[in-house]
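Q: Have a look at this prediction, sequence included:
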Amino acid sequence: MKLKAPVNVKWIANFINAELIGDDSINADGINEVHKITPGDISFVDIEKYYARLLSSEASVVIMNKVVECPPGKALLITKDPAGSYVKLVKHFHPFEPATKMISDTAVIGEGTIIQPGVFIGNHCTIGKNCVIHPGVSIYDGTTIGNNVTIQSNSVIGGDAFYFNKRDNAELRYLKLESCGTTIIEDDVEIGACCTIDRGVSGITIIGRGTKFDNFIHIGHGTIIGKNCLFAAQVGVAGKVIIGDNVLLYGQVGVSKDLVIESNTVVLAKSGVGKSLPGGKVWFGIPVQDAKDKMEELVWVKRIPELWDKMKTDY
Amino acid sequence: MKLKAPVNVKWIANFINAELIGDDSINADGINEVHKITPGDISFVDIEKYYARLLSSEASVVIMNKVVECPPGKALLITKDPAGSYVKLVKHFHPFEPATKMISDTAVIGEGTIIQPGVFIGNHCTIGKNCVIHPGVSIYDGTTIGNNVTIQSNSVIGGDAFYFNKRDNAELRYLKLESCGTTIIEDDVEIGACCTIDRGVSGITIIGRGTKFDNFIHIGHGTIIGKNCLFAAQVGVAGKVIIGDNVLLYGQVGVSKDLVIESNTVVLAKSGVGKSLPGGKVWFGIPVQDAKDKMEELVWVKRIPELWDKMKTDY
Amino acid sequence: MKLKAPVNVKWIANFINAELIGDDSINADGINEVHKITPGDISFVDIEKYYARLLSSEASVVIMNKVVECPPGKALLITKDPAGSYVKLVKHFHPFEPATKMISDTAVIGEGTIIQPGVFIGNHCTIGKNCVIHPGVSIYDGTTIGNNVTIQSNSVIGGDAFYFNKRDNAELRYLKLESCGTTIIEDDVEIGACCTIDRGVSGITIIGRGTKFDNFIHIGHGTIIGKNCLFAAQVGVAGKVIIGDNVLLYGQVGVSKDLVIESNTVVLAKSGVGKSLPGGKVWFGIPVQDAKDKMEELVWVKRIPELWDKMKTDY
């Protein structure tokens, strides 16, 4: 996310009680987790194997837990708890704003849009024209919804990312990285009943134009879905996945995090996608393989007893 | 669905701007998708391989995209976009009626029934006696619920069917076939929390007497479930499935569309049902096979290394 | 559950119209299903193979469907329908209390806790300090929630157990064993959107301190989850499971009822756990096996055609 105005790194160092190394004239204008860094950002790293990635990233300010040489044009903020410091900054610049009513006064709702009873719309949301939002839908702060979008009952749009900093020996093992990202639902999207679409940790979750979701679809934080996709019921897609256009996921398919599924892919029911998939093919299995190969494999498995018998009798 | 009064086909031709072939004195009294046609209906077809099916069906009026010879006693309405014309008719005769309050004034609620706070009940719904409807349940228009039914929190009854007309080269690939069907929950049914039971596209979804659903059950449009079935959590059943009585589906089972599962069937956890199942047997696997065969197969798979070794050493 | 005051067995015999055998001076002070019996309890048994278990349990009063010799210090209540009698007692001593508003006047809510709009809180619930309960969450009667707990939208806490008494030849095959148990969510727990955590039938469902749930998690009745566990989206855990600390369940995992999963276990995505698991290992598959063994098995299966060819050509 971008800050409302640039903030000098000396102020940040003081705020999170960190040692400042490097260019103390730097002004940061955004906060982002490692996957979403843009120039001017504050980010953090606390695992040695990712130090180099952050130090060579476009981040202006890197919060980290080791003193290293500062690359030019950056500032480093050294602290024992970079994740905790990052969360402190997110909470300061993007505090949770409790709602006072079911539909925020800050909501902008387009002409012809029907908001059924019992819908919650948080702060700073925009909903386009000719949408139907059915009862019990919960739309978190900062969500943008296009035109001609239908959302069936009890779906949740823009919920917190499921994203934690692991602390191996702490009494509390998981520190929540507070979400400051958002969610965009493009035009002509249909979202079924009881779906959950999480917002980005610091980036944006996007559901592309004309895409249709059946019931119980789960979309993780920061995942980007293309246009005209069709997901059958109970499909789950983890965080930071990129899915192209015209992708067809059959019922109960699961997709692991950080993958790319290219356009025109079909994944058959109950499959588990654990790797990126090139476009235009049909996949099946746990883990997925080419659907035709998988079908043949199912036949081969049934022939094991025959193979066994053959070996005994023929030789 | 049936219309409130018969409508002459000339009026329909004019309304959807179609060419009329055949008997122009015909009055239609219903609108139904292909799977649910009854005499007097208007229906549509836009794929060549289904032309014969529609022309020999009991439909009185067939909207289609090719000029053919009209069978006696029927009228054909020729247009470039039969699905779009069908949707236009459904929207005209069965318009969405926005709600003005959480419980419609048109709802009929039986004696002894407890409606907890935060329940939505749409227009023209009937709920029987001695039911308990827990908070956050959303009951769409036209739903009928029997006596002694319990619905746990945040379930959605009668949501829109997930049913689209595919348009291969259009900017918007999927045209939603607006649902005008309904949902019937018979007596003594228990529906868990966060379940979704979609209504029929133009027909009826039925949950039979005494059937019990755990949480997160998904039932697709027009599916008919028999009596005294038990579905464990996270089971998904697609649209237009017919399930008999006393069927037991264990947790996370998935059932594909258009199948029949006969009475007294048991499907073990996490299985995928992709074909119709005769009654009285136990099934397991993705895709399902006889459970005993599947268990044996699992043992055979573990013996492959042994088979390999045997081949190497014995021969 | 414990009763508010001890009740003499003669009153109980009269109330459920049962024949009393044994010590008629006994006062019972609790009602529990077989898995949760503590001294002083009323319980029931209607299946011959469990008679001995109940008669040697700590129950003070056993409702059963056969006349047997009464063990010392107990009372037996003989009736044709022990389950029905048990349900009658639960309903009498723990009647459902319909709510009159979204947040019960009996709710105790700690300092700093934010209850967003549209949240339902039933009777006799306690919520700790600094929690955030998002819109549409439904918290059933008797739930206890600790400090620093976040619950995302539309989750359901403390819903009825999915637990039935089967009656093979009855018109209604399943008699619901009404839940009189409760639910405890400990400090620092995060519960995602659209999760369902059922309360115990007569005992307690517990989510341990620091545990984090993604969206669509289902936890069955009476299940006890340890500390610092992490469950990815769409995981389902059946009733009466015991899970240790630091257990990691990946997306769409299913766990059958009555199992124990020891601490530091990891179960990979889409797996089905059908047996108890010792701690500290990684598991995969349907049904689960050691993950390394399963990965090797997947490779072996792909070698079947090679094995077949080898047999044909080498010998």
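A: Looks like it arrived, so ask away.
Q: Distance of the nearest residue to A:Pro82 once chain neighbours are set aside relative to B:Pro95?
A: Once flanking residues are discounted, A:Pro82 sits nearest to A:Phe44: 4.0 Å by CB to CB, 6 or more residues apart in numbering or on different chains. Bear in mind the C-beta positions are built from the backbone N, C-alpha and C, glycine included. Taking CB to CB, to the nearest Å as the criterion, A:Phe44 is separated from B:Pro95 by 53 Å.
Q: what's the answer for A:Pro135, then?
A: With CB to CB as the criterion, A:Pro135 and B:Pro95 are 18 Å apart.
Q: before we move on, back to that, same drill for A:Phe44 and B:Pro95, tell me which one is more crowded.
A: A:Phe44 (29 against 10; other CB atoms under 10 Å in any protein chain shown).
Q: Need the phi and psi values for that one.
A: phi -140, psi 160 (degrees, to the nearest 10).
Q: show me what contacts the residue nearest to A:Pro82?
A: The neighbours of A:Phe44, taking CB atoms under 8 Å, 6 or more residues apart in numbering or on different chains as the test, are A:34, A:54, A:62-64, A:82-83, A:85-86.
Q: Is it possible to get these out as a markdown table so that each row also shows distance to B:Gly146 and secondary structure?
A: Output for the contacts of A:Phe44, formatted as a markdown table (distance: CB to CB, whole Å; DSSP: H, G, I helix; E, B strand; the rest coil):
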| residue | distance to B:Gly146 | secondary structure |
| --- | --- | --- |
| A:Val34 | 55 | helix |
| A:Leu54 | 61 | helix |
| A:Val62 | 63 | strand |
| A:Ile63 | 60 | strand |
| A:Met64 | 63 | strand |
| A:Pro82 | 58 | helix |
| A:Ala83 | 53 | helix |
| A:Ser85 | 58 | helix |
| A:Tyr86 | 54 | helix |
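Q: quick one: contacts for the residue with the shortest distance to the centre of chain A?
A: The geometric centre of chain A, computed from its C-alpha atoms, lies nearest to A:His221 (CA atoms, centre = their mean), at 1.8 Å. Taking CB under 8 Å, 6+ apart, we find A:His221 in contact with A:161-163, A:179, A:181, A:198-201, A:205, A:239-240.
Q: SS state for it?
A: Three-state assignment for A:His221 (DSSP: H, G, I helix; E, B strand; the rest coil): coil.
Q: so the nearest residue to it once chain neighbours are set aside, which of the three states?
A: In this structure, A:His221 finds its nearest non-sequential neighbour in A:Ala161, 3.3 Å apart by CB to CB, 6+ apart. Following three-state DSSP, A:Ala161 is assigned to coil.
Q: Looking at the contacts of A:Phe44, which one is closest to chain C?
A: In terms of CB to the nearest CB, no member of the contacts of A:Phe44 lies closer to chain C than A:Ala83, at 14.7 Å.
Q: Make a markdown table out of the contacts of A:His221 and add secondary structure and neighbour count.
A: Below are the contacts of A:His221 laid out as a markdown table (DSSP: H, G, I helix; E, B strand; the rest coil; neighbours: other CB atoms under 10 Å in any protein chain shown):
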| residue | secondary structure | neighbour count |
| --- | --- | --- |
| A:Ala161 | coil | 26 |
| A:Phe162 | coil | 28 |
| A:Tyr163 | coil | 24 |
| A:Ser179 | coil | 28 |
| A:Gly181 | coil | 24 |
| A:Asp198 | strand | 32 |
| A:Arg199 | coil | 26 |
| A:Gly200 | coil | 29 |
| A:Val201 | coil | 27 |
| A:Thr205 | strand | 28 |
| A:Gly239 | coil | 23 |
| A:Lys240 | coil | 22 |
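Q: want to try JSON lines for those residues, with distance to C:Phe120 and pLDDT as columns?
A: Output for the contacts of A:His221, formatted as JSON lines (distance: CB to CB, whole Å; pLDDT from 0 to 100):
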{"residue": "A:Ala161", "distance to C:Phe120": "25", "pLDDT": "97"}
{"residue": "A:Phe162", "distance to C:Phe120": "24", "pLDDT": "98"}
{"residue": "A:Tyr163", "distance to C:Phe120": "28", "pLDDT": "96"}
{"residue": "A:Ser179", "distance to C:Phe120": "24", "pLDDT": "93"}
{"residue": "A:Gly181", "distance to C:Phe120": "28", "pLDDT": "95"}
{"residue": "A:Asp198", "distance to C:Phe120": "23", "pLDDT": "98"}
{"residue": "A:Arg199", "distance to C:Phe120": "24", "pLDDT": "97"}
{"residue": "A:Gly200", "distance to C:Phe120": "29", "pLDDT": "96"}
{"residue": "A:Val201", "distance to C:Phe120": "29", "pLDDT": "95"}
{"residue": "A:Thr205", "distance to C:Phe120": "27", "pLDDT": "98"}
{"residue": "A:Gly239", "distance to C:Phe120": "29", "pLDDT": "97"}
{"residue": "A:Lys240", "distance to C:Phe120": "33", "pLDDT": "97"}
